[in-house]
Every structure is written in C-alpha cells, then in structure tokens.
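*Asks:* just the structure for this:
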Amino acid sequence: GHFPSKPIMPGVTIVEAMAQTAAIMVGTALNMMDKEMLVYFMAIDKCKFRKMVVPGDVLCMKLVTTRGKAGAKVWKFCGVAEVSGEMVCEAEFTAMMDLPTG
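*Replies:* Have a look, this model is predicted:
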C-alpha cells in the first residue's frame with residue numbers, strides 16, 4: 001500500500017478489481033469466457049473513495065451495466081465496492097471489449 005507502517009489497498013487497484021469483475025460479468029453473460037476477449041479500460045468517471053481497505057478485508061463488487069449489448073464493443077458500468085456491507089469505493093467506467101484478430 002501507500003504507507004509502510006499502515007498498509008492499505010491502493011485506490012487504483014480497487015478500481016481495477018471493479019473493471020475486471022465487469023469483464024468477467026460480460027464474458028460470462030455472452031458465453032465468451034473461452035474466446036480470449038480483450039478488454040480496454042477507456043474512462044473512469046465519478047470515482048470516489050469512502051474508506052480505506054486494509055489487509056484482511058474482503059471486497060464485494062456490485063456492478064450494473066448501463067450501456068452495452070451483445071455485439072457492442074463499448075460498454076459502460078456503474079458500481080460500488082464494499083467491505084462488510086459498507087461502501088469503500090464507487091465509480092462509473094467505460095470499457096471496450098473485443099476479440100483478438102488473426
């Protein structure tokens with residue numbers, strides 16, 4: 001984390017976990033988990049960190065697709081990360097999902 005004497009999970013890592021959760025959510029919903037789907041993180045909006053995440057905490061991701069459908073490349077999501085039912089982070093983000101060429 002950021003502080004040697006007080007380890008915390010960096011905020012960027014929390015947002016990355018949210019993005020990876022969204023990619024798995026879409027890949028599973030579209031039955032594409034075995035297709036080596038490529039995911040490009042495009043934008044983060046309205047991101048706020050509410051509490052620190054420390055070693056031993058378990059993050060629970062709650063995400064909703066706000067734009068995207070089968071066949072679309074650009075998807076938007078909003079979601080929260082929680083620890084023990086308390087929000088630690090909220091964000092909206094955009095990602096492009098594509099299959100490898102060649």
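*Asks:* in the helix or strand containing residue 44, what's buried?
*Replies:* Using DSSP states H and E, residue 44 sits in strand 38-49. Using 16 or more other CB atoms under 10 Å as the test for burial, strand 38-49 gives 39, 49. In short, each C-beta sits where N, CA and C put it, glycine included.
*Asks:* for stretch 52-67, same thing?
*Replies:* 52-53, 59, 61, 63.
*Asks:* who's the spatially closest residue to residue 40 that is not a sequence neighbour bridged to?
*Replies:* Using CB to CB, 6 or more residues apart in numbering and skipping residues adjacent in sequence, the residue nearest residue 40 is residue 96, 4.4 Å away. Note on residue 96: beta-bridge partners by DSSP bridges are residue 40, residue 74.
*Asks:* check the offset of the strand holding residue 44 from the chain's centre.
*Replies:* 8 Å (CA atoms, centre = their mean, to the nearest Å).
*Asks:* can you name the next helix or strand after it?
*Replies:* strand 59-67.
*Asks:* which residues sit against that next one?
*Replies:* 9, 14, 17-18, 21-22, 25-26, 53, 74-83, 88, 92 (CB atoms under 8 Å, 6 or more residues apart in numbering).
*Asks:* partner strands of that strand, with direction?
*Replies:* strand 74-83 (antiparallel).
*Asks:* what comes into contact with the partner strand?
*Replies:* By CB under 8 Å, 6+ apart, the residues outside strand 74-83 that reach it are 14, 17-18, 21-22, 26, 42, 51, 53, 57-68, 87-97.
*Asks:* flag the shaky bits of this structure, pLDDT-wise.
*Replies:* 1-2, 102 (pLDDT under 70).
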